[in-house]
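**Student:** pasted the sequence and its predicted model underneath.
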Amino acid sequence: MKMVFRWFGEDNDHVQLRDIKQIPGTEGIVWSLHHVPAGEEWMMEDILAVKEQAEAHGLHIDVVESVNVHEDIKLGLPTRDKYIENYKTTIGKLARAGVKVICYNFMPIFDWLRTDLAKELEDGSTALFYEGSQIENIDPFDLVKEIAENSDRTMPGWEPERLAHLTKLFEAYKGVTEEDLWENLTYFLEEIIPVAEQHDIKMAIHPDDPPWSVFGLPRIITNKENLQRFLNVVDSPYNGLTLCSGSLGANPNNDVADMVKSFAERIHFAHIRNVKIYDNGDFIETSHRTEDGSVDIYNIVKAYHDIGFTGYVRPDHGRHIWNEQCRPGYGLYDRALGIMYLWGIWDSLVRQSNSTEAIQLKVMNQAADK
Ligand SMILES: [Mn+2]
């Protein structure tokens, strides 16, 4: 696995590139042009500026997260075509800059949803928390206001230009069913994937977070069956997945290790993190350690090891620990700890399989000698 780390850009992240370089085994950043609104074409000079900054610290820019999909594309409006054209142009430019994977998502309005950005865990650290009853009873406008007031920076997926039109967006999504969303996603994929193929850049959709409908909005990238349906829409290696163990793992019926084995060569990017699910379905993001949450991280890493995964991996989110002042979920410390946990599992699996192979080889040689 190739370890990478999300970075929000110079003057937009308290984490410095040299900090990332100091995390063992971390070779690249996962980045985006956060100032470019969804649907707009990315400028080559902006792309190359990030490349230069990263490479100056010995880090690569192979993975972009995200190139956001304009709402008109998800809604299937006639205006979608111009945004799809911009998307294609951006794919070409990113390929020319050396990018290998583009992560994106197809969630209406909200990329991800939590009710508390700093819920205290038993050890005094804080983490992102989802309380179902709050979502059911809260006006989405109040939630957006609350989230905006509790964050000093723009959060990915909660860009102001998107949320400013919230009323209009909810209006536009009225009557849009899951099947409509599938149809609009199909239209998008049929346009985009041939361009990705042509430029040898892998598209990797991120599952919905949480993996169920919120505020009555349709959501479709939620479980194994739907991931399989997604891959069948355009059956090309360039139409692949960002398999996120935290998003999918919020539903206890999702077996992420099984998905790793089933979708192996179509997984281009792995997000690995743990969540603790409570009896009522609420969940909180915990440390990566298997024992600390409800998702069997060991088994997931083992599944990646067993399929011979050579794709990109990032620790998805982390808790806020050691008084770090950071973007919600994106502190340096806990994500770095997560990386070391993942490497610990990985290295011991590699060591084990090497010694098993060595023993098998020895037995074979002995048999041949006889
Ligand atoms: Mn994720």
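**Tutor:** The structure has been received and is ready for your questions.
**Student:** what does this structure have sitting close to the ion?
**Tutor:** When proximity is defined by Cβ under 5 Å from the ion, the chain lies next to the ion at Cys244, His271, Asp316. The way it works is simple: take the backbone N, C-alpha and C, and place the C-beta from them, glycine included.
**Student:** can you tell me which of those residues lies closest to Gly331?
**Tutor:** Asp316 (12.4 Å; Cβ to Cβ).
**Student:** can I get the residues of the chain next to the ion in CSV with secondary structure, neighbour count and distance to Ser125?
**Tutor:** Shown next, in CSV, are the residues of the chain next to the ion (DSSP: H, G, I helix; E, B strand; the rest coil; neighbours: other Cβ atoms under 10 Å; distance: Cβ to Cβ, whole Å):
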residue, secondary structure, neighbour count, distance to Ser125
Cys244, strand, 27, 21
His271, strand, 25, 20
Asp316, coil, 25, 16
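**Student:** I'd like these as CSV, with pLDDT and distance to Ile192 appended.
**Tutor:** Formatted as CSV, these follow (pLDDT from 0 to 100; distance: Cβ to Cβ, whole Å):
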residue, pLDDT, distance to Ile192
Cys244, 98, 20
His271, 98, 21
Asp316, 94, 24
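**Student:** okay, now the residue in the stretch 1-150 of the chain that the ion sits nearest to: neighbour count?
**Tutor:** Using Cβ to the ion, the closest approach of the stretch 1-150 of the chain to the ion is made by Trp112 at 8.0 Å. When counting by other Cβ atoms under 10 Å, one arrives at 22 neighbours for Trp112.
**Student:** measure it to Tyr173 for me?
**Tutor:** Counting by Cβ to Cβ, to the nearest Å, the gap from Trp112 to Tyr173 is 17 Å.
**Student:** where is the longest helix in this structure?
**Tutor:** Longest helix of the chain, by residue count under DSSP state H: helix 332-369.
**Student:** can you give me the helices in the stretch 51-200 of the chain?
**Tutor:** Remark: helices assigned in the stretch 51-200 of the chain by DSSP state H, counting those that start in this stretch are 71-75, 80-96, 132-137, 140-149, 160-163, 166-173, 178-198.
**Student:** tell me if I'm right that Gly58 and Arg18 touch.
**Tutor:** No - with contacts counted by Cβ atoms under 8 Å, Gly58 stays clear of Arg18, the gap being 9.6 Å.
**Student:** tell me, what's touching these two both at once?
**Tutor:** Counting by Cβ atoms under 8 Å, 6 or more residues apart in numbering, Gly58 and Arg18 have no common neighbour.
**Student:** report the beta-bridge partners for whatever residue of the stretch 251-370 of the chain ends up closest to the ion.
**Tutor:** At 3.5 Å from the ion, His271 is the closest residue in the stretch 251-370 of the chain, using Cβ to the ion. Beta-bridge pairing of His271 under DSSP bridges involves Cys244, Arg314.
**Student:** gap between it and Glu179?
**Tutor:** His271 is 27 Å from Glu179, by Cβ to Cβ.
**Student:** what's the answer for Asn137, then?
**Tutor:** For Asn137, the distance to Glu179 - Cβ to Cβ - is 28 Å.
**Student:** what sits closest to Val350 if chain neighbours are left out?
**Tutor:** Distances taken as Cβ to Cβ, 6 or more residues apart in numbering place His305 nearest to Val350, at 7.1 Å, with adjacent residues excluded.
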